[in-house]
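Student: got a predicted structure plus its sequence, pasted below:
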Amino acid sequence: MTPINMSSDTQTLPTEQMYDAMRSAPLGDDMLRADPTVNRLEELAAEKIGKEAALFVPSGTMGNLVSLMVHAKPGDEVIVDSESHVYYYEAGGIASVAGLMPRTVPSRGGRLDPEQVAAAVRKRDQHFPVPRVLCLENTHNRSGGRIVPVELQNRLAAVAHERGLAVHLDGARIFDAAIASGLPAAAFTEHVDSVMFCLSKGLSCPVGSIIAGTAAFIEQARLVRKRLGGAMRQAGILAACGIVALQTMIERLAEDHRRARRLAEEIATIPGLSVEMESVQTNMVYVDHTGTGLDTDELLARLATAGLLASDRAPTHFRLVANRHHGDAEIAEAVARIRRALATDDR
Ligand SMILES: Cc1ncc(COP(=O)(O)O)c(C=O)c1O
């Protein structure tokens, strides 16, 4: 039995067109800005995301880190959602590498409250670290891939800007937000100073993320990327996939969203499981398994035995993510495997 891997959209493999592009990409030393394929990707990415300039980085984590390190220096404060990826899942890099002081504000369903953010920006006083940057996330991973509406994002950015803070957007899945909202991605980036998005998730590239902002921001980001060891050489072999992704893989994200929705609807009919349907806005399904009486590890092990790989959102949930490798047949089979995993119940 071939497992169906729904643990993440990071599980996607390159398309045939990407393999072809890798083979034929003109290459050079990107450290010297001499890789024509990287240069082309960066131009295309800046255009697609509505910013002046862009930079190819090895990962989303490094993209966030580089961006925050351009906006703030060690000892400064970053205002960040306590459920954000940058705070929750990036190994404490904002503290240990960037030397930033995180000041957390809790979001609800991925949405920060502008008043709470305003209150978190303390006045300049020798007792306080200097607040320098607000970090937003869209779509919001830990709330189930929910979209932060553009109007709210703009209000949050205004709160930060009025107080002299820069705004960075962790837009790892910004094209999911854009496609599901029927808006261009640039609508989500108009009022932020920098944005990071991933090529290696639903867009199916093997490696790589982009950061974008003004030309001056990207100039500084290039230096920080180098400092972190993220400057690469013949990176065009990877950038070639990114070009294909931006040209061919964005519109199809709507299929992942439709299939995630269908998956959620089917799962909601399985005894012991429930899904907050309002949270299913893009490619993720967070499933509440408390009704099964199983703990998350045990449930994930049963799913794996039945041939379905999911990820852990302990103690109450597991996560499934639809990606391009899941057609309608895989969605139906995933549901059947969940039913099977729970039916082998010997409690
Ligand atoms: C919202 C968000 N930001 C950043 C990242 C980090 O990306 P990477 O795994 O490429 O470091 C992820 C990865 O899942 C993510 O979901």
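Tutor: Nice, thanks for sending it over. Numbers count the residues shown, from 1 in each chain.
Student: only C-alpha atoms from now on, for both contacts and neighbour counts.
Tutor: Fine.
Student: how is the protein carved up into domains?
Tutor: Annotated domains of the chain cover 12-248, 252-343 [automatic domain parsing].
Student: ok, and does the last one reach over to the ligand?
Tutor: This points to domain 252-343. No - under the criterion of Cα under 6 Å from any ligand atom, the ligand is not reached by domain 252-343; the shortest gap measures 10.9 Å.
Student: what residues are up against residue 273?
Tutor: Shown here is residue 273, whose contacts under the criterion Cα atoms under 8 Å, 6 or more residues apart in numbering are 267, 287, 288, 289, 290, 291, 292.
Student: out of the residues you listed, what pair is the most spread apart?
Tutor: Pairwise distances across the contacts of residue 273 peak at 13.6 Å for 267 and 290 (criterion: Cα to Cα).
Student: in terms of neighbours, single out the busier of these two.
Tutor: Relative neighbour count places residue 267 above the other of residue 267 and residue 290, with 21 against 15, counting by other Cα atoms under 10 Å.
Student: list the neighbouring strands of the longest strand belonging to the chain plus their orientation.
Tutor: As assigned by DSSP state E, the longest strand anywhere in the chain is strand 131-137. According to DSSP bridges, strand 131-137 has the following sheet partners: strand 77-81 (parallel), strand 166-170 (parallel).
Student: show me what the mean pLDDT comes to for the following helix or strand past that strand.
Tutor: Proceeding C-terminally, strand 131-137 gives way to helix 150-162 as the next helix or strand, assigned by DSSP states H and E. Averaged across helix 150-162, pLDDT comes to 98.
Student: quick one: contacts of helix 150-162?
Tutor: Here helix 150-162 makes contact (Cα under 8 Å, 6+ apart) with 111-114, 117-118, 133-134, 136, 166-167, 187-188, 191-192.
Student: out of those, which comes closest to the ligand?
Tutor: Compare each of the contacts of helix 150-162 with the ligand using Cα to the nearest ligand atom and the shortest gap goes to residue 136, at 9.5 Å.
Student: hang on, residue 295 packs against residue 313?
Tutor: No - with contacts counted by Cα atoms under 8 Å, residue 295 stays clear of residue 313, the gap being 10.7 Å.
Student: what about the helices in the stretch 151-300 of the chain?
Tutor: Across the stretch 151-300 of the chain, reading from the start of the chain, the helices by DSSP state H, counting those that start in this stretch fall at 174-181, 185-189, 215-227, 236-248, 253-267, 296-306.
Student: and the shortest one, how far out from the chain's middle?
Tutor: If I follow you right, that is helix 185-189. 15 Å (Cα atoms, centre = their mean, to the nearest Å).
Student: near the ligand, which residues of the chain?
Tutor: Taking Cα under 6 Å from any ligand atom as the criterion, the neighbours of the ligand within the chain are 59, 60, 61, 85, 141, 170, 172.
Student: contacting residues for the fifth one?
Tutor: Going back to what we said before, that points to residue 141. Per Cα under 8 Å, 6+ apart, neighbours of residue 141: 84, 85, 110.
Student: closest to residue 256 among these?
Tutor: residue 110 (20.3 Å).
Student: now for the residues of the chain next to the ligand, which pair is the farthest apart?
Tutor: Looking across the residues of the chain next to the ligand, with Cα to Cα as the criterion, the two at the greatest separation are 59 and 141, at 16.2 Å.
Student: re the thing from before, can I get the residues of the chain next to the ligand in CSV including pLDDT?
Tutor: As requested, these are arranged in CSV below (pLDDT from 0 to 100):
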residue, pLDDT
59, 98
60, 98
61, 98
85, 98
141, 98
170, 98
172, 98
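Student: go ahead and confirm residue 172 touches residue 197.
Tutor: Yes - with contact defined as Cα under 8 Å, residue 172 counts as touching residue 197 (4.0 Å).
Student: more neighbours, those two?
Tutor: Higher neighbour count among residue 172 and residue 197: residue 172, with 30 against 25, using other Cα under 10 Å.
Student: just to revisit the earlier point, which one of the helices of the stretch 151-300 of the chain lies closest to residue 206?
Tutor: Proximity to residue 206 (Cα to Cα) singles out helix 236-248 among the helices of the stretch 151-300 of the chain, at 7.5 Å.
Student: tell me where the stretch 1-150 of the chain has helices.
Tutor: Ranges of helices in the stretch 1-150 of the chain, per DSSP H, counting those that start in this stretch, are 16-24, 36-49, 60-71, 85-88, 93-96, 114-120, 150-162.
Student: ok, which of these comes nearest residue 272?
Tutor: helix 85-88 (28.2 Å).
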